[in-house]
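> Give me a model of this one.
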Amino acid sequence: WRGLGATLLRDGIPHGVWFVSYEFAKIELTKMRQGRTNEMGGDDNSTTTTTNTTEEDIVIPMLSGAFAATTAWGVGYPFDLIKTQIQAGKSTGIINTARVIMRESSDGRACYGLYRGFGLKLLRSIPASAIGFLVYETAAKVLSSRS
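Numbers count the residues shown, from 1 in each chain. Now for the predicted structure:
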């Protein structure tokens, strides 16, 4: 049971942020794409239609997934680091562990210590999220076309 509180904080809040961020990015990127299509004179050109379909079906879900992963882990990563420290037995309690991590920050910026290793987490999570949402959107489109 060690680290359960930090695990719940790491998983609960960021998952909400992940889905909200994905939908937000998808809506905003779609608006940007539609605005660009209108500036180019609409969808009368078959090349423009193919490009827009590719953007809508592939690029927008992947970019939105990447944005969602970055945002979610930006919120949840400190709790992941805290959870790991607690489970390793290096500290106890969420607040106490956060203080220890911030105190041990090597560059003197306390909150920066809570994001130690964040870049490596993003190297894994951004592609996974981008591909995951692309697969989800593709499957949803295929399944809805069968109805």
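> Okay, now the unreliable bits of the protein?
The model of the chain has pLDDT under 70 over residues 37-52, 54-55, 106-110, 147.
> And the helices in it, which stretches?
Ranges of helices in the chain, per DSSP state H, are 4-39, 46-54, 60-87, 94-103, 118-145.
> out of the ones you listed, nearest to Cys111?
In terms of C-beta to C-beta, the element of the helices of the chain nearest to Cys111 is helix 94-103, at 6.4 Å. (Glycine included, C-beta is placed from N, CA and C.)
> Need the residues that contact that closest one.
Outside helix 94-103, the residues that touch it by C-beta atoms under 8 Å, 6 or more residues apart in numbering are 5-6, 9, 78-79, 81-82, 85-86, 90-91, 110-111, 113-114, 116.
> One more: stretch 7-18?
Here stretch 7-18 has contacts from 68-69, 71-73, 75-76, 79-80, 82-83, 94, 129, using C-beta under 8 Å, 6+ apart.
> swap the cut-off to 6 Å and go again
With C-beta atoms under 6 Å, 6 or more residues apart in numbering as the test, stretch 7-18 has contacts from Ala68, Thr71, Ala72, Val75, Gly76, Phe79, Asp80, Lys83.
> How about stretch 77-85?
With contacts defined as C-beta under 6 Å, 6+ apart, stretch 77-85 is touched by Gly3, Ala6, Thr7, Leu9, Arg10, Ser91, Ile94, Thr97, Ala98, Leu114, Phe118.
> Distance check, the second one against Ile82.
Going back to what we said before, that points to Ala6. Look at Ala6 and Ile82: by C-beta to C-beta, to the nearest Å, they are 5 Å apart.
> And these two? Which one has more around it.
Each of Ala6 and Ile82 has its neighbours counted (other C-beta atoms under 10 Å); Ile82 has more, 26 against 23.
> what about Gly3, neighbour count?
Gly3: 20 surrounding residues under other C-beta under 10 Å.
> And for Arg116?
Neighbours of Arg116 (other C-beta under 10 Å): 16.
> ok, now which ones touch the closest residue to Glu137 other than its chain neighbours?
Nearest non-adjacent residue to Glu137, counting by C-beta to C-beta, 6 or more residues apart in numbering: Pro61, 4.4 Å away. Residues counted as contacts of Pro61 (C-beta under 6 Å, 6+ apart) are Phe133, Leu134, Glu137.
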